[in-house]
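Visitor: Fold the following and give me the result.
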Amino acid sequence: MKRVLVISYYWPPAGGSGVQRWVKFSKYLPSLGWQPVVYTPENPEISTIDNTLQEEIPSEVEVIKHPIVEPYGIYRKLMGKKSSTDMKTLTSTPGKPSLGLLIRSNCFIPDPRVWWVRPSVRFLKKYLKEHPVDVIVTTGPPQSMHLIGLKLSKAMGIPWISDFRDPWTKMYWFKNMGLSSWAEKRHFALEQKVLDSSTVVLTVTPSVQRDMMERTKTPVAMITNGYDESDFTQEATPDGMFNIVHTGIFPSDGNPSSLWNALEKLYSEDKLFREKLRIRLVGTTDKGVLDSIERAGLMGNVIDLGYQSHQVAVREQMSASVLILPLRNDPDYKPILPGKVFEYLASRRPIIGFGQEDGAMAQVIASASAGKVFSFDNYDGVEACLREHWQAYKENRQITIEGDIEQYSRRELSKKLVSLLESIIK
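Guide: Here you go, the predicted structure:
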């Protein structure tokens, strides 16, 4: 069996979308002739835990760990913050970065996991001499993982795939990091070196693929995120309510106020709607979103479940009357394709999305005939769409999505990955 070394900061018991891409690849690779060897920190900073993901990892997967020093941990202790504090949100005001963010942005490039690069290269050079692999894969963010692959591939002469789950300097929040001109140039230089030195660059969206193809002569492939059929074999029992469901992280800068205003209007004019409406929030919801719901007078209809396991989140999706999928309200988010969209598609429930109406997410949803995506200020469109779904509910018409989504199954995507791996070693 061929072997691929996967260098990933995120791995179970950590939960969240950053974990699932390579957990799912690792699940299917052994049956396709490749053994994943996963290298991950022994003591990472974990904000969410999902022990159910560990159960999906086959016995053929080898996991090796090495300690990491986390500046985030030191920062939390100095600032008296809880261990669950997400250090990505050191500031919430664009153009006004906090002192903590300024330190993080200008002293730790590309990110605070950079201290793990040198120890990891030393550790893995010794490991690979005794346990050879055919290909190295690094997956980021954090983008420091790519610096490990850069040094390791050069030292060992092993082909290397840099997998960008999110862009680097083209990520929407990059402009709000408070970078000095020197730090910004350093980011661009490191990114370019990774792009040019990789054997293959791998991305998850067509627009990011096109952008990177324009910036390097290295081949740039694309394999989207997806859904796992086995996650959707569970039963979802309807509870008779009109359930508006959101799963995952719900940030304030993705708050769909037009949705709450439209719901408020239906709520005020329809007694049955007031009785049947349930807004089910599964995951981490920012206070700004909850405040907006409260201003609309809808908090009595909210069921906030907080963070749940992936299995529970899928069950909630499958039980929804309508799934809501807001992106960040930022024009630079247009090329971003969140992994959640594919699981929403697999749930076969109608989607109301918020973001750029010609963005990457809107294109995928439209191609699967799975719902509609509205700009954040398109109140009339949102209200009309809600009324359609409410009418279907009253008529007991089950709206299901019949579009072709097989191309996004984790099994099929793993086959694409194997083809890429095989092409590299040939």
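
Visitor: and W11, what is it in contact with?
Guide: Each residue near W11 by C-beta atoms under 8 Å, 6 or more residues apart in numbering is listed here: 19, 22-23, 38, 40, 44, 63. C-beta: built from backbone N, CA, C; applies to glycine.

Visitor: and what of R349?
Guide: 245, 317-318, 320-323, 399-401.

Visitor: which one in those is the model shakiest on?
Guide: In terms of pLDDT, the lowest of the contacts of R349 is T400, showing 77.

Visitor: List phi and psi for that one.
Guide: Here is the backbone geometry of T400 (degrees, to the nearest 10): phi -120, psi 150.

Visitor: begin at 32 from here
Guide: Yes, from this point I'll number from 32; that puts the last item at T431.

Visitor: Just give the number of residues close to it.
Guide: 9 (other C-beta atoms under 10 Å).

Visitor: Just the buried ones out of the contacts of R380, please.
Guide: 276, 348-349, 351-354, 432 (16 or more other C-beta atoms under 10 Å).

Visitor: Can I get those in CSV including secondary structure?
Guide: What follows is the buried ones among the contacts of R380, written out as CSV (DSSP: H, G, I helix; E, B strand; the rest coil):
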residue, secondary structure
V276, strand
Q348, helix
M349, helix
A351, coil
S352, coil
V353, strand
L354, strand
I432, coil
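
Visitor: Make JSON lines out of those residues and add distance to P198.
Guide: Formatted as JSON lines, those follow (distance: C-beta to C-beta, whole Å):
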{"residue": "V276", "distance to P198": "28"}
{"residue": "Q348", "distance to P198": "27"}
{"residue": "M349", "distance to P198": "31"}
{"residue": "A351", "distance to P198": "30"}
{"residue": "S352", "distance to P198": "34"}
{"residue": "V353", "distance to P198": "30"}
{"residue": "L354", "distance to P198": "25"}
{"residue": "I432", "distance to P198": "29"}
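
Visitor: And these, which is closest to F405?
Guide: Set against F405, the nearest of the buried ones among the contacts of R380 by C-beta to C-beta is V353 (12.8 Å).

Visitor: I'd guessed that closest one sits against I275; true?
Guide: Yes: contact criterion C-beta atoms under 8 Å: V353 and I275 qualify, at 5.3 Å.

Visitor: Quick check: neighbours shared by those two?
Guide: In contact with both V353 and I275: no residue, using C-beta under 8 Å, 6+ apart.

Visitor: Any regions of this structure where pLDDT drops low?
Guide: 103-126 (pLDDT under 70).

Visitor: what sits opposite V37 in the beta ladder?
Guide: Residues in a beta bridge with V37, per DSSP bridges, are V69, V168.

Visitor: Roughly how far does it sit from P190?
Guide: 14 Å (C-beta to C-beta, to the nearest Å).

Visitor: So which of these two has more stuff around it?
Guide: When neighbours are counted by other C-beta under 10 Å, V37 comes out ahead of the other of V37 and P190, with 25 against 18.

Visitor: got a list of what the more buried one touches?
Guide: 53, 56-57, 67-70, 168, 170.

Visitor: for S151, same thing?
Guide: With C-beta under 8 Å, 6+ apart, S151 has these contacts: 38, 70, 97, 179, 183.

Visitor: just curious, which of the contacts of W42 is nearest to M208?
Guide: For these, the nearest to M208 is P75 (21.7 Å; C-beta to C-beta).
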